[in-house]
Each structure stands twice: as structure tokens, then as C-alpha cells.
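Engineer: Predicted model, plus sequence, below.
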Amino acid sequence: MDFEVLVRTNVTWILALANVILKDHAKAEDAAQLAFLKIHKGLDQFEGRSSMKTWMYRIVVNEALMIRRKDKSREESLIDAMLPRFDKNGCRFAEETINRETGETILSKKQQQDEVQRLILALPDQYRIVLYLRDIEEMTTAQVATVLDISEANVKVRLHRARAALKKSLGPFLAGGKF
Amino acid sequence: MTAKVGSIRRVLNGILFKLPGMITCAQFEDFIVAYLDGELTKEELRIFRRHLLVCRDCKRYLADYERAMKCVKDMSDEIKSDLADVPEDLVRAVLAARQK
Ligand SMILES: [Zn+2]
């Protein structure tokens, strides 16, 4: 395939993915550039052991994470406080009940979506990236495992924690169930 | 008062969940991803559903969990329908860098 065509057809999702990892547009552009260089160099040797797209995902994630690791200012929030709790018998401690009838925050659709995006970006790296790949890019568990070089079981654990944390922080907006 | 009723219910559930064919909320939690991916075996599915029938905390939890996923889905559908423009500057930079 012509390289320019390849760049044009893939640049949008690559930039979006780099943005989710780096949370900074300029850095995301750097990562996208580096990733395209790697892709260009690797095209001849690409052996088709995984799908082309999975191979590209892997390159983008690695380039972005490399930049991310150099970022000294990055703060890593903890997810533990956002996870459900159980007593010694394994019984759930219900999370504070969301009042579904009253006290709803009325937000426009746009505001709601911005809020969801903000909450996703606030998740710690290892959870945010898995949630993005599985629930937004709609990759399979196996593909995400290949891209991140972790086990499928690990993908599922991280995915579940990411969703659980998001569920908790979305609490007030889930009111009424119409969000 | 409600707290007391809640704690009695918790004690009773603690006993109930140890019966054969039952699981605790913590075990239920571990099944959620596989359940939503349709990966539970018939027997696991039966056990999972049985817990949902007797545990209203988990029932509510799962409903909110699915609602949160729906929020993410709605948001991502919206982003994707916004057909982002191709960033021409970046495309040019990438093609120029390749020539070097
Ligand atoms: Zn339960």
C-alpha cells in the first residue's frame, strides 16, 4: 500500500489513541510521528503473524508509553479507593445509593460526554488504556493482550477495575438511568 | 435502623452464600466480565443468576455497572460520528520525515 494512503487512513485513530495515553496533544503528535516512522521501517519485515492493525496498535502504544515514562510530572492516581468492598464473608458493602428520583444534575448531552471523557482520562494508565482499547476501540481481549504484551486474564482484571472505578465516579450522573 | 437491618441482612447472606451452588458477592464480582462477554458456562451462568436473584446489592451494582458501560459507548459513538478531519500538518510532517 502507498505509504501516504496508509498515513491518511490511520492517522486519526493513532492520534486519538496517543492522546488517551499521553493526555497532551503535542506529545501525542510526537508519538504518532515516531510510530509512523517505525511502521514505515517495519512494513517490509511485517510478517503477518498478527493482523496489520494489531501490529500498528502495538507500535503506537509502545511509542506513546515510552514518552509517557519520561514524563516526570505524571501523577499516578490509585484505583483502590474506587473499587467495590466486601466484608470477611465476601458480602458486598453497597456503595452509597444513588437517588434516582431527586437531586439529578441536569447536564446537556455534550456536558455529560465531556464528563465521561474527563473521568476516563483520570483513570491510572494501565486501566485507562485497557478500557480504551476494549470498550472504545472495541478490540477483543486477545488483541488487547497482544498489544500490551500481558495475559488475557490480566486484561480482564484491568478492564473490570477500570469499569468499576468509572461506575463509581459516574455515580451522580447515572441517576435516573437516562444518561 | 436501616444500618441495623442492613447488617442483619449481611449476616444472613454470609450464611446463605456459603450453601452449595451459591457464591459470595466477591466471587460474583469476578464473574462479571466473563458474564458480559458471554463466556460463562451453563453451570456458571446458573450460579451467577441465582446470586442475582437473592442479592439486591449485586443486582443494583450490575445495573449501574452496565449503565456506566453504556455511557462510555454513547460517548465513543458520538466521537466516532464526529468524523475527525485528517490533520494535514501531521501528515505532511510524517511524509517529510520519511524522506530523510
Ligand atoms: Zn451479592
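Structural biologist: Perfect, thanks for sending it. Numbering: from 1, shown residues only, chains lettered A, B, ... in the order given.
Engineer: burial of the residue of chain A found nearest the ion, as a residue count?
Structural biologist: Residue nearest to the ion within chain A (C-beta to the ion): residue A:92, separated by 4.8 Å. Quick note: C-beta positions are derived from backbone N, CA and C, even for glycine. Around residue A:92 there are 22 other residues, counting by other C-beta atoms under 10 Å in any protein chain shown.
Engineer: out of everything not next to it in sequence, what's closest to it?
Structural biologist: Of all residues not flanking residue A:92 in the chain, residue B:25 sits nearest, at 3.6 Å (C-beta to C-beta, 6 or more residues apart in numbering or on different chains).
Engineer: quick one: contacts for that neighbour?
Structural biologist: Listed by C-beta atoms under 8 Å, 6 or more residues apart in numbering or on different chains, the contact set of residue B:25 reads A:86, A:90-92, B:13, B:17, B:51, B:55, B:57-58.
Engineer: would you turn those into a markdown table with pLDDT?
Structural biologist: Output for those, formatted as a markdown table (pLDDT from 0 to 100):
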| residue | pLDDT |
| --- | --- |
| A:86 | 92 |
| A:90 | 91 |
| A:91 | 92 |
| A:92 | 91 |
| B:13 | 82 |
| B:17 | 83 |
| B:51 | 95 |
| B:55 | 93 |
| B:57 | 92 |
| B:58 | 95 |
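Engineer: What helix or strand is residue 28 located in?
Structural biologist: Picked chain A for this. Per DSSP states H and E: residue A:28 is located in helix A:25-42.
Engineer: I was thinking of chain B, sorry if that wasn't clear
Structural biologist: When secondary structure is defined by DSSP H and E, residue B:28 falls within helix B:25-36.
Engineer: So what's the predicted local confidence for the residue nearest to residue A:92?
Structural biologist: pLDDT, residue B:25: 95.
Engineer: so how far is residue A:168 from it?
Structural biologist: Separation of residue B:25 from residue A:168 (C-beta to C-beta, to the nearest Å) stands at 16 Å.
Engineer: Just want the angle from the next helix or strand after the helix holding residue B:28 to helix B:25-36.
Structural biologist: Sequence-wise, the next helix or strand downstream of helix B:25-36 (DSSP H and E) is helix B:42-54. Counting by axes from the mean of the first three to the mean of the last three C-alpha atoms, to 10 degrees, helix B:42-54 lies at 120 degrees to helix B:25-36.
Engineer: which helices and strands sit right next to helix B:42-54?
Structural biologist: Packing contacts for helix B:42-54, counted by 3 or more C-beta pairs under 8 Å, 6 or more residues apart in numbering or on different chains; DSSP states H and E, involve helix B:25-36, helix B:56-81.
Engineer: then it to PDB, C-alphas only?
Structural biologist: Taking Å, rounded to 0.1, in the frame of the first residue of the first chain, the C-alpha atoms of helix B:42-54 are listed here in PDB:
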ATOM      1  CA  LYS B  42     -24.100 -23.100  31.500                       C
ATOM      2  CA  GLU B  43     -23.400 -24.100  35.100                       C
ATOM      3  CA  GLU B  44     -21.600 -20.900  35.900                       C
ATOM      4  CA  LEU B  45     -24.400 -18.900  34.400                       C
ATOM      5  CA  ARG B  46     -26.900 -20.700  36.600                       C
ATOM      6  CA  ILE B  47     -24.900 -19.900  39.700                       C
ATOM      7  CA  PHE B  48     -24.400 -16.300  38.600                       C
ATOM      8  CA  ARG B  49     -28.100 -15.700  38.000                       C
ATOM      9  CA  ARG B  50     -29.000 -17.400  41.300                       C
ATOM     10  CA  HIS B  51     -26.900 -14.900  43.200                       C
ATOM     11  CA  LEU B  52     -28.600 -12.000  41.300                       C
ATOM     12  CA  LEU B  53     -32.000 -13.400  42.500                       C
ATOM     13  CA  VAL B  54     -31.100 -13.300  46.100                       C
END
